[in-house]
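Asks: I'll drop the sequence and a predicted model, then ask my questions.
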Amino acid sequence: MISVDYVNQALVALGARLRAARLERNEPMAVFAERIGVSVPTLRDMERGSATVQIGSWLNALWALDRIGEVSALLAEHESLIERAKRVRSPARRRASRVPRPA
């Protein structure tokens with residue numbers, strides 16, 4: 001089981017990256033908070049790594065930073081070892097090409 005400390009550290013690191021991205025864009029907290037639809041205290045909580053901020057707020061922030069596409073990798077479909085072995089063993093079936101018959 002993942003330690004709560006590990007989760008907290010991950011949230012703090014994520015919040016620090018959010019803050020760095022906001023500052024890199026030279027956006028004040030009030031402007032960025034308005035863009036993502038949260039209050040300044042909520043943005044402050046996000047940047048501090050609070051576990052109480054809703055995932056929707058995080059997704060809005062990623063959208064505002066043009067990084068929403070990275071979310072799809074979080075729970076990407078997983079291929080089991082058995083599925084991978086089946087795919088490697090059995091090559092894709094191909095149709096025989098139609099060759100015109102001589103007249």
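Replies: Everything's here; your move.

Asks: relative to residue 42, how far out is residue 34?
Replies: Distance, residue 34 to residue 42, using CB to CB, to the nearest Å: 11 Å. Every residue, glycine included, has its C-beta placed from N, CA and C.

Asks: higher neighbour count, those two?
Replies: A direct count of neighbours by other CB atoms under 10 Å for residue 34 and residue 42 places residue 42 higher, at 17 against 14.

Asks: how about the helices in this protein?
Replies: Using DSSP state H, the helices found in the chain span residues 4-24, 29-36, 40-48, 55-64, 81-89.

Asks: out of these, flag the one nearest residue 73.
Replies: Of all the helices of the chain, it is helix 55-64 that lies closest to residue 73, at 12.0 Å by CB to CB.

Asks: any low-confidence regions in the protein?
Replies: By pLDDT under 70, the low-scoring segments of the chain are 1-3, 90-93, 96-97, 99-103.

Asks: check contacts around the most centrally placed residue in it.
Replies: Nearest residue to the geometric centre of the chain (CA atoms, centre = their mean): residue 71, 1.7 Å. Contacts for residue 71 (CB atoms under 8 Å, 6 or more residues apart in numbering) come out as 59, 62.

Asks: for it, give its distance to residue 56.
Replies: From residue 71 across to residue 56, the span is 12 Å (CB to CB).

Asks: related to what we said a few turns ago, any chance of CSV for the helices of the chain, columns distance to residue 98?
Replies: As requested, the helices of the chain are exported to CSV (distance: least, CB to CB, whole Å):
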stretch, distance to residue 98
helix 4-24, 56
helix 29-36, 57
helix 40-48, 61
helix 55-64, 49
helix 81-89, 28
